[in-house]
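Engineer: any chance you can model this:
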Amino acid sequence: MDVNHYKAFTGKGRRRRHTQMSEINVTPFVDVMLVLLIVFMVTAPLLTVGVPLDLPTTKATTVQGNDEPLVISVDAEGRIYLEDVVIEIENLVPKLRAVTGAKQDQRIFVRGDTNVNYGRVLAVMGEIHNAGFRRVAMVSAGPGRAATSGDKKDSKE
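Structural biologist: Model (predicted):
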């Protein structure tokens, strides 16, 4: 019997059966990416202004700007929202100054429901203007858009 045959039967001289894999398994990576995609698709619509309003339609064009504006909304019952938090008109200016760091050139969009009292919207705008904020704009649904839009699409300064 040959010595090489002897080693083959006894296991002495065999090479290792399990060699290291040199490939990257991308299946977990793809799974994580798909989960993240679904999470972002679900949360993206929630990132818009959360106060549902029936915005009036106008023929005004969109005001362009680089900075993200603060949004103040007045609903049909006359409640005032800073972004999506209810706030009293007396507390509006101190909160605006705290949020903006007293930056007077901060853009502020005022959204008023179609059914809200016009005087209420003007009172809010007057408070903002008297506080020294000069870049105040009103937001509408815009031409060709449904009046029930809850987002800030078109505005007029």
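Engineer: mind listing what's buried in the helix or strand hosting Val99?
Structural biologist: Taking DSSP states H and E as the definition, Val99 sits inside helix 89-100. The neighbour-count check on helix 89-100 (16 or more other CB atoms under 10 Å) flags Leu92, Lys95, Leu96, Arg97, Thr100 as buried. In this view, the C-beta of every residue, glycine as well, is placed from N, C-alpha and C.
Engineer: need the contact partners of it.
Structural biologist: 70, 72, 80, 82, 87, 106, 108, 123-124, 127-128, 130-131, 133 (CB atoms under 8 Å, 6 or more residues apart in numbering).
Engineer: which element is encountered next along the chain beyond the lengthiest helix in the chain?
Structural biologist: The longest helix of the chain (DSSP state H) is helix 27-43. Sequence order places strand 70-74 as the next helix or strand after helix 27-43, per DSSP H and E.
Engineer: returning to what we had before: for the helix holding Val99, output the C-alpha coordinates as PDB.
Structural biologist: Extracted in PDB, the C-alpha atoms of helix 89-100 (Å, rounded to 0.1, in the frame of the first residue of the first chain):
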ATOM      1  CA  ILE A  89     -51.500  85.500  20.500                       C
ATOM      2  CA  GLU A  90     -50.000  87.000  23.600                       C
ATOM      3  CA  ASN A  91     -47.200  84.300  23.600                       C
ATOM      4  CA  LEU A  92     -46.600  84.500  19.800                       C
ATOM      5  CA  VAL A  93     -43.900  87.200  19.800                       C
ATOM      6  CA  PRO A  94     -41.800  85.800  22.700                       C
ATOM      7  CA  LYS A  95     -41.900  82.400  21.100                       C
ATOM      8  CA  LEU A  96     -40.900  83.800  17.700                       C
ATOM      9  CA  ARG A  97     -38.000  85.600  19.200                       C
ATOM     10  CA  ALA A  98     -36.900  82.500  21.000                       C
ATOM     11  CA  VAL A  99     -37.200  80.300  17.900                       C
ATOM     12  CA  THR A 100     -35.400  82.700  15.600                       C
END
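Engineer: show me what the next helix or strand after it is packed up against.
Structural biologist: For helix 89-100, the following helix or strand on the C-terminal side (DSSP H and E) is strand 108-112. Judged by 3 or more CB pairs under 8 Å, 6 or more residues apart in numbering; DSSP states H and E, the packing partners of strand 108-112 are strand 70-74, helix 118-130, strand 136-140.
Engineer: Met41: which of these is closest?
Structural biologist: Taking CB to CB, strand 70-74 is the member of the helices and strands packed on strand 108-112 nearest to Met41, at 23.2 Å.
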